[in-house]
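Participant: Sharing a model prediction with you, sequence too.
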Amino acid sequence: MSDLLETAKTTYRSYLNGGLREAVAGSASAGKAYWIVGFSYRILAISHLLADGDSAVFRRLMAKAGHSRLDYMRGLKDAEPQDKSYWCGSKNVGFFHSLVAGDLDTANELAALAPRTHTKGVEYEEDFLFSHFCQQLLTASDDSESLQRICDRWDEVLEGKGSPKLNVSRAFLAADDTAFDEALDEMITEYEQAMADWRTRTDYREDLGATEGNLFVNGLAILRLAEIRGLHPRDEHPFMPSMARVPLDDSLPSFNLWRDPDAA
C-alpha cells in the first residue's frame with residue numbers, strides 16, 4: 001500500500017496546485033476549484049498519516065482543507081452563487097475537515113455560513129440533513145427542539161426506514177453512550193460496505209482507495225462532536241486510529257496559509 005500512498009501524494013499535489021491557481025485567481029469555476037483544493041488537501045492529509053504516521057502534518061493539511069472552504073464561503077456570504085453544486089449544505093465537507101483537525105473556530109464559522117435549507121435538484125435531502133444536524137449540534141447545542149425537528153424531517157424523508165447517521169443523531173439528542181457506540185458501529189459498517197462496492201466499479205482508483213478506503217473521515221468528525229458534547233464512546237474504532245484523533249490545542253496553521261501547501 002505504501003507505493004499507492006506515494007502515488008496519491010504525487011497525484012493530489014498536482015491537483016492541489018491546479019486548483020489553487022484557479023481559486024486564488026477567482027475564476028468563473030471557483031466553486032469547483034475550491035472543492036478540488038479542499039479534497040486534495042484531505043487526500044494528502046490521509047496519505048501522510050497512513051504512510052508516515054505523521055499526525056502533525058495530517059492535522060495541518062486537514063485544517064487547510066477547512067480554511068479553503070471557509071475562504072470560499074466568506075466570498076459568498078451576501079450572495080448565493082447561480083451554480084449551487086459546490087455551495088449546497090451537503091458539500092460543506094470543510095466543516096468536517098475542521099472538526100477532525102480540532103479547528104473549532106473554523107468549524108463554527110462554516111456552520112454559521114452554511115445553507116439552512118435543502119437545495120433541491122442538487123443534493124439528496126438526507127445528505128443535507130446529516131450535515132445540517134452536525135452543524136447545528138455544534139453551534140446550537142442547547143436547542144434540542146430544532147435538533148429534534150431535523151431528526152423528525154429526516155425520518156419523513158426516509159419514510160421511517162431509519163439509517164445509521166440518523167441513529168447517531170438520535171443518540172446525540174439522548175446523550176446515550178451505548179446508543180452512540182451502536183449507531184457509530186452501524187456507520188462504520190455502512191462506510192466499509194460503500195468502500196467495498198466502490199472497488200467493484202469502473203471509477204475505482206487504487207491510489208484513492210488506499211486513502212479514502214482506509215480512514216473514515218466523517219467518523220472522526222462524529223467522534224469530535226461526541227467529545228464536545230461530553231459523550232464517552234469507546235476508545236478504539238475500525239478505520240479511525242488513535243493517531244488520527246488529534247487533540248484540541250493551538251497548533252494550527254494561520255488562515256491564509258491554505259494558499260501555500262508547504263507552509264506550516
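Facilitator: Cool, the structure landed. Because the structure is a prediction, the values reported are computed rather than measured.
Participant: residue ranges of the helices in the stretch 151-264 of the chain, please?
Facilitator: Along the stretch 151-264 of the chain, the stretches classed as helices by DSSP state H, counting those that start in this stretch are 164-174, 177-198, 206-212, 217-229.
Participant: In the shortest one, which residues are buried?
Facilitator: Same thing as helix 206-212. By 16 or more other CB atoms under 10 Å, the buried positions in helix 206-212 come out as 207-212. C-beta here means a position set from N, CA and C on the backbone, and glycine is covered the same way.
Participant: which of the residues you listed lies closest to Arg199?
Facilitator: Here the nearest of the buried residues of helix 206-212 to Arg199, counting by CB to CB, is Gly209; it sits at 6.3 Å.
Participant: Surely the closest one touches Met195?
Facilitator: Yes. In this structure, Gly209 is within contact of Met195 by CB atoms under 8 Å, at 7.2 Å.
Participant: Is it possible to get a markdown table of the helices of the stretch 151-264 of the chain that adds mean pLDDT and distance to Leu129?
Facilitator: Output for the helices of the stretch 151-264 of the chain, formatted as a markdown table (pLDDT from 0 to 100; distance: least, CB to CB, whole Å):
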| stretch | mean pLDDT | distance to Leu129 |
| --- | --- | --- |
| helix 164-174 | 97 | 8 |
| helix 177-198 | 97 | 15 |
| helix 206-212 | 96 | 23 |
| helix 217-229 | 97 | 14 |
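Participant: got JSON lines for those, with distance to Leu20 too?
Facilitator: Listed next are the helices of the stretch 151-264 of the chain as JSON lines, based on distance: least, CB to CB, whole Å:
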{"stretch": "helix 164-174", "distance to Leu20": "32"}
{"stretch": "helix 177-198", "distance to Leu20": "27"}
{"stretch": "helix 206-212", "distance to Leu20": "20"}
{"stretch": "helix 217-229", "distance to Leu20": "21"}
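Participant: Please name whichever of the ones you listed is nearest to Arg69.
Facilitator: helix 217-229 (13.3 Å).
Participant: Which secondary structure elements does that closest one sit against?
Facilitator: helix 93-101, helix 125-139, helix 164-174, helix 177-198 (3 or more CB pairs under 8 Å, 6 or more residues apart in numbering; DSSP states H and E).
Participant: Give me whichever of the ones you listed is most buried.
Facilitator: helix 93-101 (a mean of 28; mean count of other CB atoms under 10 Å).
Participant: I'd like to check what contacts it. Which residues are they?
Facilitator: 38-39, 41-42, 59-60, 62-63, 65-70, 73, 104, 106-107, 110-111, 114, 131, 134-135, 138, 217-218, 220-221, 224-225, 244, 246, 252 (CB atoms under 8 Å, 6 or more residues apart in numbering).
Participant: And the furthest pair within the buried residues of helix 206-212?
Facilitator: Among these, Asp207 and Glu212 lie farthest apart (CB to CB), at 9.7 Å.
Participant: for stretch 222-231, which positions count as buried?
Facilitator: Buried residues in stretch 222-231 (16+ other CB under 10 Å): 222-227, 231.
Participant: now the closest residue to Arg74 other than its chain neighbours: how far from Tyr124?
Facilitator: Nearest non-adjacent residue to Arg74, counting by CB to CB, 6 or more residues apart in numbering: Leu113, 7.1 Å away. Distance of Leu113 to Tyr124, computed by CB to CB, to the nearest Å: 21 Å.
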